[in-house]
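Next one to model:
(chains A, B, C and D)
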Protein chains: 2
Amino acid sequence: MDDTADGCPLDLAALLPRLTQLGALANRSHMMERIMEQAGIALDRPAMTVLITVETAGHPLRVGEIAKRMQVVGPHVTRVLHDLERRDLARRVPDPDDRRAQLIELTPTGSATARRYLHTVLGWITEAMADWPAPDRQTFSRLLTRFLDDLAARLSAIE
Amino acid sequence: MDDTADGCPLDLAALLPRLTQLGALANRSHMMERIMEQAGIALDRPAMTVLITVETAGHPLRVGEIAKRMQVVGPHVTRVLHDLERRDLARRVPDPDDRRAQLIELTPTGSATARRYLHTVLGWITEAMADWPAPDRQTFSRLLTRFLDDLAARLSAIE
DNA sequence: TATTGTTATACTCTATAACTATA
DNA sequence: TATAGTTATAGAGTATAACAATA
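Here you go, the predicted model:
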C-alpha cells in the first residue's frame, strides 16, 4: 500500500506539516526582524520589503510596479514611501515617459541598507546549510523552484 | 569560480528569491482563503488555524498549548475561541488535572471542517505535483524537512 | 509567588473608496 | 474614458497590560 484512504501518496501527506511549518516561519518567526536587528537596520517590515524590491530590481521602479511585485495595493506602497523618503532611503524622480508616473529609486544609503539586509540573510542560509553536500543544495534549489512554479500555476488555474 | 564576492555559494544565492517567493505565497496569495472557499468553509484564517492545530494534535489542547503551536500569544487564542464556540465548532472542557486550565476540543462539526480543509489542501498539492516522479517527491520532502530543521536551529541559536 | 486564562486596549499591516492629474 | 498615484478611512490579525482564579 502506497496511498492513504484519500488516494494521496504518503510522501505528499508528509509534506503538509512541512508547509505549515514553512508558513509559520514566514509569518510569525520574526526572522525578518532578527535579520534586520543583526544588520543594524531600524525599519518596519513593509519599508524593508520595498527597499529589497527596488534594490533587487536593479533599476528604479514605478509605484505600481513595486505594488505588483510586493503583491499589495498601490496606497500601501505610497504610505511606505513617505517614510522611506523622510529617512532619505528612497526618492521620487519624474518618469520621463509619462508625467502621471513617478519612478522610485534608492539613495546610496537606501541601497546600502538593502544590500546589508540581503548579505545577512544569505549569511544565515549559508550557516544553516553549512553541512549540506553541494549536490543536495543544487537538488533542493531545483525542486523548490519547480514546486513553487507548480503551486503558482495551480493557484492561477483556479480563477 | 564557485562563490560570489561575499563568499556565498551561487546555489545559495539562487535560493534567496525562492524564499521570498515562498513568503509571498504564504502571506499574500490568499491560498488559505481559496482553499476554504473550495471546501465550503466560512471562517477567518485565525479560526481555521486553531481548528487545524487541534485536529492535527489528535487530542484536546490547552489554550496555552494552542498559542504555543500557533506561535501567537494567549489572548489571541481566547478571542478566536469565542467565535469557534459560538459556531459550535469547538468547546471548552475543564482540565481534570488543573482547575486553572481549560481543554479545548473540537465538536464533530469542527473536526469535520478541519478534515475537509486538510483534504482540500492535500488535493491541491497532489494536483500541483501530479507530474513529479516519485523519487523527486521523496527527495523534496526529505530536503525540505532538513532545510526547515536547520533553519529553525539557526533561529534558536541566536538567542 | 508562579501560572492559566480572560478582558480591554493598542498597534501593525493591508485593503477599499474617493479624488487629482495626466494620457 | 482610462491610467498613475495620493489621501483618507476601515478592517484583519496580533500584541501588551491589567486582572482573576488556582497552584
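
A:Glu85 reaches A:Val93, doesn't it?
No: taking CB atoms under 8 Å as the contact criterion, A:Glu85 and A:Val93 are not neighbours in contact, 11.4 Å apart. Where you see a C-beta, it was placed from the backbone N, CA and C, and this is true even at glycine.

out of those two, which sits in the busier spot?
A:Glu85 (15 against 10; other CB atoms under 10 Å in any protein chain shown).

Least confident secondary structure element in chain A?
Least confident helix or strand of chain A, by mean pLDDT, DSSP states H and E, is helix A:10-28 with a mean of 83.

and the helix or strand just after that one, what does it pack onto?
Note on helix A:10-28: by DSSP states H and E, the next helix or strand toward the C-terminus is helix A:31-39. For helix A:31-39, the elements it packs on are helix A:45-57, helix A:108-128, helix B:134-158, judged by 3 or more CB pairs under 8 Å, 6 or more residues apart in numbering or on different chains; DSSP states H and E.

closest one to A:Ala14 among these?
helix B:134-158 (5.5 Å; CB to CB).

hmm, that closest one in reach of DNA strand D?
No: Helix B:134-158 lies apart from DNA strand D when judged by CB under 7 Å from any atom of the strand; the minimum separation is 14.9 Å.

tell me the angle of that helix relative to helix A:134-158?
Orientation check (axes from the mean of the first three to the mean of the last three CA atoms, to 10 degrees): helix B:134-158 against helix A:134-158 gives 110 degrees.

what about A:Ile41, distance to A:Val121?
Distance, A:Ile41 to A:Val121, by CB to CB, to the nearest Å: 12 Å.

Nearest spatial neighbour of the most centrally placed residue in chain A, chain-adjacent residues omitted?
Centroid-nearest residue in chain A: A:Thr49, 6.9 Å away (criterion: CA atoms, centre = their mean). Excluding the flanking residues, the one nearest A:Thr49 by CB to CB, 6 or more residues apart in numbering or on different chains is A:Met70, at 5.8 Å.

Now do the same contact list for that neighbour.
A:Thr49, A:Val50, A:Thr53, A:His76, A:Val77, B:Ala24, B:Arg28 (CB atoms under 8 Å, 6 or more residues apart in numbering or on different chains).

ok, and the most crowded of those?
That'd be A:Val50 among these, by other CB under 10 Å, with 30 neighbours.

looking at it, that one is touching A:His82, isn't it?
No: counting by CB under 8 Å, A:Val50 does not reach A:His82; the two are 11.1 Å apart.

What is the neighbour count of A:Thr107?
15.

Could you check how far it is from A:Leu118?
A:Thr107 is 17 Å from A:Leu118, by CB to CB.

List the residues that contact the residue nearest to A:Leu151 when sequence neighbours are not counted.
Closest residue in space to A:Leu151, ignoring its immediate chain neighbours: B:Ala128 at 4.8 Å, by CB to CB, 6+ apart. Taking CB under 8 Å, 6+ apart, we find B:Ala128 in contact with A:Phe147, A:Asp150, A:Leu151, A:Ala153, A:Arg154.

same thing but at 7 Å, please
Counting by CB atoms under 7 Å, 6 or more residues apart in numbering or on different chains, B:Ala128 touches A:Asp150, A:Leu151, A:Arg154.

What is the nearest of those to DNA strand C?
Distance ranking of those against DNA strand C, using CB to the nearest atom of the strand, places A:Leu151 first at 18.9 Å.
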